[in-house]
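need a 3D model of the sequence below.
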Amino acid sequence: MDTNPADQRSKAHHRAFERLHTAGGTAYVSEGEGDPLVLIHGVGMRLEAWAPQIAYFSTTRRVIAVDMPGHGGSDKLPEGSRLEDFVAWFGRFLDDIEIDAATIAGHSMGAMISGGAAATMGNRIHGVGYLNGVYRRDPQAKAAVLARAASIKTDGVDKDGPLQRWFGDDADSVHARSLTKSWLEMVDPEGYAVAYTAFADGDETYAGRWPDVQCPALFLTGSGDPNSTPEMARQMAALAPKGSVAIVEGHRHMVNLTAPDTVNDLLAQWLGKKG
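Model prediction:
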């Protein structure tokens, strides 16, 4: 019997998931029973990015991980779609799988979708986990992300830039970096372009709505994340009536993969307090 925690995490990361599909063309997995926890990944990723969280939380609740439009097995949204369109897609997805209310957690672009859902769907969202999500980028960061979005049509999907921004050279990052690179290599270029453009232009869309979000909100990021910074997390947590913040020391953007045990513990503590 394999009891090595590192080996168990590696197997969780490598898991193959058999997807279900909604009538609206969205791919997802559903595991476990109980109160629903819905997970939304970031641009360039796929639902497998949540493998450690699916394995951990499906023992106590129903965990639903979804492929964002144009990623994994999900149909694309039209060119020109904005963050609001991704939030509307998420609402249709909940309708399609007959989820009346849920706790949701998103990473990066998925966090922005989750925040939009919390701001616009009222009591349907019981709690929102905002992992490595941006908030009101400064002018320099805004210009950089818009330039990256504009370059996709001519240069294609940038696979090296994200890896350099998202990971350090530490041992915890080696395996996660390899997996992330493989997902970036698999992503549909058109779906990626639509999502990344909405991501680049969407940091202000719901930024002013946090005071209106009445459900518990956890803002979690890595201490070394250069784009979704700890200060952003603290600012949002201060604005949300039931906001709390968690910073994972020594990690960057993909904390749910590079520090899965820590992130799972933090999410579990938050879910316990929320519930």
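
how near is the nearest residue to residue 173 once chain neighbours are set aside to residue 273?
With sequence-adjacent residues excluded and distances taken as Cβ to Cβ, 6 or more residues apart in numbering, residue 173 is closest to residue 167, at 4.2 Å. (Glycine included, C-beta is placed from N, CA and C.) Distance from residue 167 to residue 273, counting by Cβ to Cβ, to the nearest Å: 30 Å.

picking that back up, from what I can see the residue nearest to residue 173 touches residue 257, true?
No. Applying Cβ atoms under 8 Å as the test, residue 167 and residue 257 come out as separate, 9.4 Å apart.

who has more neighbours out of the two?
Applying other Cβ atoms under 10 Å to residue 167 and residue 257 shows that residue 257 carries more neighbours, namely 29 against 23.

how about the strands in this structure?
Applying DSSP state E to the chain gives strands spanning 20-21, 27-31, 36-40, 62-66, 102-107, 125-131, 217-222, 243-248.

closest one to residue 49 among the ones you listed?
Nearest to residue 49, of all the strands of the chain, is strand 102-107, at 7.0 Å by Cβ to Cβ.

shared neighbours of residue 167 and residue 257, anything?
Common contact partners of residue 167 and residue 257 (Cβ atoms under 8 Å, 6 or more residues apart in numbering): 176, 180.

save the strands of the chain as TSV, and put in mean neighbour count, distance to residue 233 and mean pLDDT too.
TSV is the format used below for the strands of the chain (neighbours: other Cβ atoms under 10 Å; distance: least, Cβ to Cβ, whole Å; pLDDT from 0 to 100):
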stretch	mean neighbour count	distance to residue 233	mean pLDDT
strand 20-21	14	33	98
strand 27-31	20	27	98
strand 36-40	25	18	98
strand 62-66	26	22	98
strand 102-107	27	13	98
strand 125-131	27	8	98
strand 217-222	28	4	98
strand 243-248	20	5	98
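
in CSV, list those along with distance to residue 113.
Putting those into CSV (distance: least, Cβ to Cβ, whole Å) gives the following:
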stretch, distance to residue 113
strand 20-21, 19
strand 27-31, 14
strand 36-40, 5
strand 62-66, 10
strand 102-107, 5
strand 125-131, 10
strand 217-222, 14
strand 243-248, 18
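
and residue 151, which of these is closest to it?
Shortest distance between residue 151 and those, using Cβ to Cβ, is found for strand 102-107: 23.1 Å.

for the closest one, which strands pair with it and how are they oriented?
Applying DSSP bridges to the sheet, strand 102-107 is found paired with strand 36-40 (parallel), strand 125-131 (parallel).

give me the contacts around the first one.
Among residues not part of strand 36-40, those counted as contacts by Cβ under 8 Å, 6+ apart are 47, 50, 53-54, 57, 61-66, 68, 90, 94, 99, 101-107, 110-111, 113-114, 271.

what are the ranges of the helices in the stretch 51-200 of the chain?
51-57, 83-96, 109-120, 139-155, 160-166, 171-186, 189-201 (DSSP state H, counting those that start in this stretch).

those helices: which one's closest to residue 26?
helix 83-96 (5.0 Å).

re the thing from before, can you say which of the strands of the chain is nearest to residue 230?
Smallest distance to residue 230 across those (Cβ to Cβ): 4.9 Å, for strand 243-248.

what sits up against the closest one?
Residues from elsewhere that reach strand 243-248 (Cβ under 8 Å, 6+ apart): 210, 216-223, 230, 233-234, 236-237, 255, 259, 262-263, 266, 270.

6 Å - rerun?
217-220, 222-223, 230, 233-234, 237, 255, 259, 262, 266 (Cβ atoms under 6 Å, 6 or more residues apart in numbering).

out of those residues, which one sits closest to residue 182?
Of all those, residue 182 sits closest to residue 255, with 18.9 Å by Cβ to Cβ.

and that closest one, what is it in contact with?
Residue 255 neighbours (Cβ under 6 Å, 6+ apart): 222, 248, 263.

and it, how far from residue 205?
Relative to residue 205, and taking Cβ to Cβ, residue 255 is found at 24 Å.
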